[in-house]
Each structure stands twice: as structure tokens, then as C-alpha cells.
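**Student:** Build me a structure from this.
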Amino acid sequence: MKPSLATVGCLLLIALGVALDKGVWQIPREWNPLAPLNVDDPVTVMTSLKLKRLTGDRDGCLAALNTAPQVSYAPLEDYTPVAGCPLENVVRLARTGVTFNASFVATCPMALAWTMFERHELQPLAERTFGQRVASVQHYGSFACRNIYHRKNARRSDHATASALDVAAFRLADGRRIGLLEDWEGDDDASRFLKEAQKGACHYFGTVLGPDYNAAHANHFHLGMRGIAFCR
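**Tutor:** All right, here's what the predicted structure looks like:
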């Protein structure tokens, strides 16, 4: 008599459990939801879950950020720079693999998401497209104590918690500037680079908005931690 599928399944689960218990086989770190996040880990479906879990885990987030030695940042105590907009689990990010036009305050998970996006998506894309890396990034800031679109009765923006960054342009190693306002439209390398960069950002940020979303984003990408893969 042949064993049933249920019996075979149970036997396989038992064998898997024994293998894990004896150390014969281990879940790769990037697939293990309990393993700490490392910025060099390949991106899997667990990556966004791990990023979300670090929202309230200051020590765990800083430990993950420290796996990228090129990142220069200063951890900050929780504080309230503007009444009604307290900031928690934040850092001041000075540079990553790129320089910025100005340092900025961001939640630690936001800084970590940017670092992983830069390492796994942005720089490989720049090298494939232009044969060189992105050297610097121009942004319009991260923290602003306001509602979305400055509307009185709207919900708070991601910027009110420093959980978002507005990116306006990228400058390549040879000095060439690629800006959202100037280069989004068209079918050249610069336009394709920006569109692919936006698509890649969606693996790390909960909300990614660009020029095709509305006129308010004609000159920048909004990279925010709130939401789950809302990319427009």
C-alpha cells in the first residue's frame, strides 16, 4: 500500500525538523525571519518584513546599519523638534556610499532602507546603464511637521516622522547630473535609469511616488516607509 500524501508530508516535515535541530541544514540568513538583517544579504520576501520589524527596535536597527561600514551617521535620542511631531528611533545620516547635498534626520529603518536600495539597486543600475557609479544625491529633505499636501484635514505625512526622503537628482562619478524634472520624460539612458531606479526602490520602501503619480511629484521621488509596495 502506498503512503498517503499527508503521511509523506508529515515525514518530510519531521525530517526537516531533525535536520535543522542537528545542524545538518540551516535556513539561509536572508530567508530566516528570525535572523538579523545584514545589508549585504540578498533581497528576499523577508527583507521588507525585517525592515518593518526594526521600526521599534533601536538596537537591532543600529546593528543592521553597522553592517555597512561606509555609512556615516549619528544616532539621536528621541526628541520633539516641533510640537505635535515627536521623532523616535532616528539618526542623522551624513553619507552612505554616496554623498548628499546635506545631512538629514531619518528614522533608522528609513536610513537602512536607503542603504540597501543604494547597494542592491541604484549602484548596480548606474553601472549597467552608464558604466559608472552614482557619486552624490540631491534631496529636498526628510523631516517636515505637516499633513500630506499641507491639507488641514489630511493625515500626517511620512515626513512628519522623518520616515520619508524626497530625492530630486543623482550625480554620476563623471559629474553628470540626472534630475527628475529634466530627465524623466524621454527614451534615453537618463530617463530609463530614473524609471528603473523608481521600480527598484519599491522593494525597500512602503510608498514610492514619482512624476507619473501627480504634478506635486514632478521634480522628485518620494521614498516613504509607510504602506506596503505602493509604487506610482
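**Student:** what about residue 84, neighbour count?
**Tutor:** Using other C-beta atoms under 10 Å, residue 84 has 9 other residues around it. C-beta: built from backbone N, CA, C; applies to glycine.
**Student:** Phi, psi for the residue nearest to the spatial centre of the chain please.
**Tutor:** Residue closest to the mean C-alpha point of the chain, counted by C-alpha atoms, centre = their mean, is residue 113 at 2.5 Å. Backbone torsions of residue 113, given as degrees, to the nearest 10, read phi -60, psi -40.
**Student:** That one: what's it in contact with?
**Tutor:** Counting by C-beta atoms under 8 Å, 6 or more residues apart in numbering, residue 113 makes contact with 51, 204, 205, 223, 225.
**Student:** how does it look with 10 Å?
**Tutor:** Going by C-beta atoms under 10 Å, 6 or more residues apart in numbering, residue 113 touches 47-48, 51, 54, 106-107, 163, 165, 201, 203-206, 223-225.
**Student:** Which of those sits closest to residue 195?
**Tutor:** If you rank those by distance to residue 195 using C-beta to C-beta, residue 201 comes first, at 10.9 Å.
**Student:** and the gap between the closest residue to that closest one other than its chain neighbours and residue 179?
**Tutor:** Spatially, and ignoring its direct neighbours in sequence, residue 201 is nearest to residue 208 (4.7 Å; C-beta to C-beta, 6 or more residues apart in numbering). Residue 208 sits 17 Å away from residue 179, going by C-beta to C-beta, to the nearest Å.
**Student:** go on, residue 167?
**Tutor:** On the measure of C-beta to C-beta, residue 167 and residue 179 end up 10 Å apart.
**Student:** Which neighbours do the two have in common?
**Tutor:** The overlap between the contact sets of residue 167 and residue 179 (C-beta under 10 Å, 6+ apart) consists of 138, 220.
**Student:** Between these two, point out the one with more neighbours.
**Tutor:** residue 167 (21 against 16).
**Student:** Okay, and the more buried one sits in which element?
**Tutor:** strand 164-172 (DSSP states H and E).
**Student:** ok, and what's touching the helix or strand just after that strand?
**Tutor:** Remark: after strand 164-172, the chain's next helix or strand is strand 177-179, criterion DSSP H and E. Residues outside strand 177-179 that contact it (C-beta under 10 Å, 6+ apart): 126, 129-130, 134, 136, 138, 168-172, 183-184, 189-191, 193-194, 197, 219-220.
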